[in-house]
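1. Here you go, sequence then predicted model.
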Amino acid sequence: MRNKLRYLILLPVLLGFLAAQAVSAGSGPPGSSSNPVITKSYADKVLKPVQEQVYALKTELQSLRGEASDLRTALARLNGPLFSDVPAEHWALSDIEYMVDRGIINGMGDGTFAPGSPARRSEVAAMLVKALDLPVAGAEVNFKDVSAAHWAYGYIAAAQKAGIISGFPGGEFKPNDNVTRAQMAIMLERAYGLEKSGATAGFKDVRTDYWAYNAVLTLADNGISRGYPDGTFRPAISVSRAEVAALLAKAMDPARRAK
């Protein structure tokens, strides 16, 4: 925590330095020491390290917010349920607690978890990066609808760099869209290097030519998601926050998977 506070103190200093550089850059003729020509080599040498520091500081800020939320959650647990809308009999309670205890997922900030609410693509990207402990500093996003100011920029960039997520035709990521069960299967397969064993016969609503067929069966083969009692997988429906917690917890810990 002390090191993170040091980063927070250095942030305004770093921003001040950048501002000073911008002012001094225009005080002399082009090519002079006070107004260097911004070439690619100059940008790579001087500006890129500064940009990486800014990304690192943004990540530290996000981590501090997460720690504050974890502290509120821990205090709440002393007085009762982890979340007011996740009772002791909730089917995903154990998985939600597993994820919260590891700082991978948090509540909504008001004492609730919203287990039935759909999970957004940006949220799932952040969870996967946290679960895999991927570095976020220095990674860059190539999606035109994810700006550097987006709260999940670093997480989306890290997930894209690791090959876990991909975008849509036209160069968009659609960070606010809900994640479907098929998309979740693809992301988990990529993130954890899961392999299909052929143990699962299939699902009656997932044809062999379906774009996520292999990923869906891979999840079933590995005991992460066996589908529904009626023999369907329902790949196009959105996954809820509780379902994401359950699926990711099983991907992380093989002991939690169905046998």
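-> Perfect, I can see it now.

2. Dihedrals phi and psi, Ala249?
-> Taking degrees, to the nearest 10, you get phi -60, psi -40 for the backbone angles of Ala249.

3. per-residue confidence for it?
-> As summarised for this prediction, Ala249 has a pLDDT of 97.

4. how far away is it from Thr218?
-> Spatial separation of Ala249 from Thr218 under the definition C-beta to C-beta, to the nearest Å is 17 Å. (Glycine included, C-beta is placed from N, CA and C.)

5. and if you look at Arg241?
-> Here the distance between Arg241 and Thr218 works out to 23 Å (C-beta to C-beta).

6. Equivalent analysis for Val141, please.
-> As judged by C-beta to C-beta, Val141 and Thr218 stand 27 Å apart.

7. can you pull the contacts of Ala92?
-> If a contact means C-beta atoms under 8 Å, 6 or more residues apart in numbering, then Ala92 has 86, 115, 242-243, 245-246 as its contacts.

8. So which of those residues is surrounded by the most neighbours?
-> Across the contacts of Ala92, the neighbour count under other C-beta atoms under 10 Å reaches its highest value at Ala245, namely 27 neighbours.

9. Please, which helix or strand holds it?
-> Element membership of Ala245, judged by DSSP states H and E, is helix 241-252.

10. So which elements touch that helix?
-> In terms of contacts (3 or more C-beta pairs under 8 Å, 6 or more residues apart in numbering; DSSP states H and E), helix 241-252 is packed against helix 93-101, helix 121-132, helix 181-192.

11. okay, those in a markdown table with mean neighbour count and mean pLDDT next?
-> Conversion of the helices and strands packed on helix 241-252 to a markdown table gives the following (neighbours: other C-beta atoms under 10 Å; pLDDT from 0 to 100):
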| stretch | mean neighbour count | mean pLDDT |
| --- | --- | --- |
| helix 93-101 | 19 | 94 |
| helix 121-132 | 23 | 97 |
| helix 181-192 | 22 | 97 |
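
12. how about those helices in TSV, adding distance to Ala162?
-> Rendered in TSV, the data for the helices and strands packed on helix 241-252 read as follows (distance: least, C-beta to C-beta, whole Å):
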stretch	distance to Ala162
helix 93-101	19
helix 121-132	7
helix 181-192	8
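
13. now for the ones you listed, which one comes closest to Ala159?
-> Shortest distance between Ala159 and the helices and strands packed on helix 241-252, using C-beta to C-beta, is found for helix 121-132: 4.4 Å.

14. measure stretch 165-181 end to end?
-> The first and last residues of stretch 165-181 sit 14 Å apart, counting by C-alpha to C-alpha, to the nearest Å.

15. so Gly231 sits right up against Thr200, yeah?
-> No. Gly231 sits out of contact with Thr200 when judged by C-beta atoms under 8 Å, with a separation of 11.1 Å.

16. Looking at these two, which one has more neighbours?
-> Thr200 (18 against 11).

17. Quick check: the gap between that one and Trp151.
-> Distance from Thr200 to Trp151, counting by C-beta to C-beta: 37 Å.

18. contacts for stretch 181-189?
-> Surrounding stretch 181-189, the residues in contact under the criterion C-beta under 8 Å, 6+ apart are 121, 124, 128, 164-165, 179, 194, 210-212, 214-216, 218-219, 224-225, 233-239, 243-244, 247-248, 251.

19. swap the cut-off to 6 Å and go again
-> Outside of stretch 181-189, the residues that reach it under the criterion C-beta atoms under 6 Å, 6 or more residues apart in numbering are 164, 212, 215-216, 218-219, 235, 237, 239, 251.

20. Lys259: neighbouring residues, count only.
-> When counting by other C-beta under 10 Å, one arrives at 3 neighbours for Lys259.

21. no no, His90
-> 17.

22. What of Met252?
-> When neighbours are defined as other C-beta under 10 Å, Met252 has 19 of them.

23. give the contact list for it.
-> If you count contacts by C-beta under 6 Å, 6+ apart, Met252 has them with Ala131.

24. try the one 4 residues further on
-> The neighbours of Arg256, taking C-beta under 6 Å, 6+ apart as the test, are 249-250.

25. Thanks a lot, see you next time.
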